[in-house]
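Asks: structure, please.
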Amino acid sequence: MRPRFESVAPCPALAAPGRLRAALDAADAPCRGEVYGNHAVLHVPRAQERVWSPFLSLDLVGHPEGTLVRGLFGPKPSIWSLFAASYAVCAFGAVFAAGFAFVQWTLGQPPWALWVLLATALGALATYAFARAGQRRGRGQMDLLQGFLEDALATP
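Replies: Model (predicted):
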(Lines give C-alpha, C1' and ligand atoms only; values in the text may rest on other atoms or scores of the structure.)
Protein backbone atom coordinates (compact mmCIF):
# COMPACT_ATOMS: atom_id res chain seq x y z
CA MET A 1 0.00 0.00 0.00
CA ARG A 2 3.00 2.31 0.30
CA PRO A 3 4.47 3.03 -3.14
CA ARG A 4 8.17 2.35 -3.56
CA PHE A 5 10.62 3.20 -6.30
CA GLU A 6 14.27 2.75 -7.20
CA SER A 7 16.19 4.91 -9.62
CA VAL A 8 19.78 5.76 -10.42
CA ALA A 9 20.72 9.44 -10.20
CA PRO A 10 23.73 10.56 -12.25
CA CYS A 11 25.42 12.46 -9.41
CA PRO A 12 28.16 10.78 -7.35
CA ALA A 13 26.98 8.96 -4.22
CA LEU A 14 29.18 11.04 -1.90
CA ALA A 15 27.75 14.29 -3.29
CA ALA A 16 24.06 13.27 -3.26
CA PRO A 17 23.28 14.06 0.42
CA GLY A 18 24.98 17.44 0.12
CA ARG A 19 23.09 18.34 -3.03
CA LEU A 20 19.82 17.33 -1.45
CA ARG A 21 20.58 19.36 1.70
CA ALA A 22 21.53 22.41 -0.42
CA ALA A 23 18.31 22.14 -2.44
CA LEU A 24 16.27 21.94 0.77
CA ASP A 25 18.07 24.97 2.23
CA ALA A 26 17.31 27.11 -0.84
CA ALA A 27 14.87 29.94 -0.20
CA ASP A 28 12.57 28.86 -3.03
CA ALA A 29 12.54 25.13 -2.16
CA PRO A 30 9.10 23.66 -3.01
CA CYS A 31 9.28 21.20 -0.10
CA ARG A 32 10.96 20.72 3.26
CA GLY A 33 12.91 17.86 4.75
CA GLU A 34 15.88 16.51 6.62
CA VAL A 35 19.03 14.72 5.51
CA TYR A 36 20.70 12.26 7.89
CA GLY A 37 23.85 10.88 6.30
CA ASN A 38 22.67 8.63 3.46
CA HIS A 39 19.03 8.83 4.53
CA ALA A 40 16.59 11.68 3.87
CA VAL A 41 12.95 12.47 4.51
CA LEU A 42 11.02 14.93 2.32
CA HIS A 43 7.71 16.59 3.26
CA VAL A 44 5.35 18.96 1.50
CA PRO A 45 5.31 22.55 2.85
CA ARG A 46 3.30 22.95 6.04
CA ALA A 47 0.86 25.30 4.29
CA GLN A 48 -0.02 22.51 1.83
CA GLU A 49 -0.21 19.65 4.36
CA ARG A 50 -3.49 17.78 4.53
CA VAL A 51 -4.54 14.54 6.20
CA TRP A 52 -3.67 12.61 3.04
CA SER A 53 -0.31 14.36 2.45
CA PRO A 54 2.54 11.91 1.89
CA PHE A 55 6.15 12.03 2.93
CA LEU A 56 9.05 10.50 1.06
CA SER A 57 11.68 8.43 2.85
CA LEU A 58 14.92 8.04 0.87
CA ASP A 59 18.03 5.91 1.06
CA LEU A 60 20.99 7.04 -1.05
CA VAL A 61 23.43 4.22 -1.89
CA GLY A 62 26.51 4.11 -4.10
CA HIS A 63 26.06 2.69 -7.60
CA PRO A 64 28.50 2.28 -10.53
CA GLU A 65 26.50 4.85 -12.55
CA GLY A 66 26.03 7.38 -9.72
CA THR A 67 23.63 7.09 -6.78
CA LEU A 68 20.98 4.43 -6.28
CA VAL A 69 17.94 6.15 -4.79
CA ARG A 70 15.43 3.96 -2.95
CA GLY A 71 12.25 5.83 -2.11
CA LEU A 72 9.22 4.93 -0.05
CA PHE A 73 6.11 7.12 0.01
CA GLY A 74 3.93 6.89 3.06
CA PRO A 75 1.35 8.74 5.10
CA LYS A 76 2.19 10.53 8.33
CA PRO A 77 2.97 8.02 11.10
CA SER A 78 -0.24 8.88 12.97
CA ILE A 79 -2.34 8.13 9.87
CA TRP A 80 -0.38 4.92 9.18
CA SER A 81 -1.05 3.82 12.79
CA LEU A 82 -4.76 4.56 12.36
CA PHE A 83 -4.96 2.34 9.28
CA ALA A 84 -2.94 -0.44 10.92
CA ALA A 85 -5.19 -0.32 14.00
CA SER A 86 -8.29 -0.35 11.83
CA TYR A 87 -7.11 -3.48 10.01
CA ALA A 88 -6.20 -5.09 13.35
CA VAL A 89 -9.67 -4.39 14.79
CA CYS A 90 -11.28 -5.87 11.67
CA ALA A 91 -9.07 -8.97 11.81
CA PHE A 92 -9.70 -9.50 15.54
CA GLY A 93 -13.45 -9.02 15.01
CA ALA A 94 -13.47 -11.45 12.11
CA VAL A 95 -11.67 -14.18 14.07
CA PHE A 96 -13.95 -13.67 17.08
CA ALA A 97 -17.11 -13.64 14.93
CA ALA A 98 -16.06 -16.74 12.99
CA GLY A 99 -15.36 -18.64 16.20
CA PHE A 100 -18.61 -17.50 17.78
CA ALA A 101 -20.59 -18.43 14.65
CA PHE A 102 -18.97 -21.87 14.62
CA VAL A 103 -19.98 -22.42 18.26
CA GLN A 104 -23.53 -21.26 17.48
CA TRP A 105 -23.71 -23.63 14.52
CA THR A 106 -22.39 -26.63 16.50
CA LEU A 107 -24.95 -25.95 19.24
CA GLY A 108 -27.72 -25.92 16.67
CA GLN A 109 -28.44 -22.22 17.13
CA PRO A 110 -28.79 -19.78 14.25
CA PRO A 111 -25.29 -18.40 13.55
CA TRP A 112 -26.14 -14.70 13.68
CA ALA A 113 -22.46 -13.92 14.33
CA LEU A 114 -21.89 -14.41 10.59
CA TRP A 115 -23.42 -10.94 10.21
CA VAL A 116 -20.63 -9.58 12.41
CA LEU A 117 -18.14 -11.39 10.18
CA LEU A 118 -19.68 -9.65 7.18
CA ALA A 119 -19.46 -6.29 9.00
CA THR A 120 -15.75 -6.80 9.70
CA ALA A 121 -15.12 -7.65 6.04
CA LEU A 122 -16.94 -4.48 5.02
CA GLY A 123 -14.90 -2.52 7.56
CA ALA A 124 -11.66 -3.82 6.11
CA LEU A 125 -12.87 -3.04 2.60
CA ALA A 126 -13.83 0.50 3.67
CA THR A 127 -10.40 0.98 5.26
CA TYR A 128 -8.75 -0.12 2.01
CA ALA A 129 -10.99 2.23 0.00
CA PHE A 130 -10.07 5.17 2.26
CA ALA A 131 -6.37 4.35 1.85
CA ARG A 132 -6.67 4.26 -1.94
CA ALA A 133 -8.66 7.51 -1.97
CA GLY A 134 -5.95 9.18 0.13
CA GLN A 135 -3.28 7.96 -2.29
CA ARG A 136 -5.23 9.42 -5.22
CA ARG A 137 -5.68 12.77 -3.46
CA GLY A 138 -1.98 12.87 -2.55
CA ARG A 139 -0.73 11.94 -6.03
CA GLY A 140 0.09 15.53 -6.97
CA GLN A 141 2.12 15.97 -3.80
CA MET A 142 3.93 12.69 -4.46
CA ASP A 143 4.86 14.00 -7.91
CA LEU A 144 6.06 17.27 -6.32
CA LEU A 145 8.35 15.40 -3.90
CA GLN A 146 9.74 13.08 -6.56
CA GLY A 147 10.27 15.95 -9.01
CA PHE A 148 12.14 17.92 -6.35
CA LEU A 149 14.35 14.90 -5.69
CA GLU A 150 15.13 14.41 -9.37
CA ASP A 151 15.97 18.11 -9.84
CA ALA A 152 18.21 18.14 -6.77
CA LEU A 153 20.21 15.09 -7.87
CA ALA A 154 20.42 15.88 -11.59
CA THR A 155 23.87 16.68 -12.93
CA PRO A 156 24.45 20.44 -13.34
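Asks: going by C-alpha atoms from here, please, whenever you check contacts or count neighbours.
Replies: Fine.
Asks: could you list the low-pLDDT ranges of this structure?
Replies: By pLDDT under 70, the weakly predicted segments of the chain are 1, 155-156.
Asks: tell me who's in contact with the residue most central in space within the chain.
Replies: Closest residue to the average C-alpha location of the chain: Gly74 at 1.7 Å, with Cα atoms, centre = their mean. Each residue near Gly74 by Cα atoms under 8 Å, 6 or more residues apart in numbering is listed here: 2-3, 54-57, 80.
Asks: nearest to Asp151 among those residues?
Replies: In terms of Cα to Cα, no member of the contacts of Gly74 lies closer to Asp151 than Leu56, at 15.0 Å.
Asks: next secondary structure element downstream of the helix or strand harbouring that closest one?
Replies: Of the helices and strands defined by DSSP states H and E, Leu56 is found in strand 54-63. Using DSSP H and E, the helix or strand that directly follows strand 54-63 along the chain is strand 66-75.
Asks: from the chain's centroid, how far away is that following strand?
Replies: Relative to its chain's centre, strand 66-75 lies at 12 Å (Cα atoms, centre = their mean, to the nearest Å).
Asks: just checking, what packs against the helix or strand just after that strand?
Replies: Remark: after strand 66-75, the chain's next helix or strand is helix 77-106, criterion DSSP H and E. Applying 3 or more Cα pairs under 8 Å, 6 or more residues apart in numbering; DSSP states H and E, one finds that helix 77-106 makes contact with helix 113-137.
Asks: what angle separates the following helix or strand past the helix it packs on from strand 66-75?
Replies: Next along the chain after helix 113-137, taking DSSP H and E as the criterion, comes helix 139-153. Put simply, helix 139-153 runs at 160 degrees to strand 66-75, going by axes from the mean of the first three to the mean of the last three Cα atoms, to 10 degrees.
Asks: and helix 139-153, which residues are buried?
Replies: For helix 139-153, a neighbour-count test (16 or more other Cα atoms under 10 Å) marks 141-142, 144-146, 148-150, 152-153 as buried.
Asks: which of the three states applies to the residue lying farthest from the centre of the chain?
Replies: Most distant residue from the mean C-alpha position of the chain: Gly108, 46.1 Å away (Cα atoms, centre = their mean). Applying DSSP: H, G, I helix; E, B strand; the rest coil to Gly108 yields a three-state assignment of coil.
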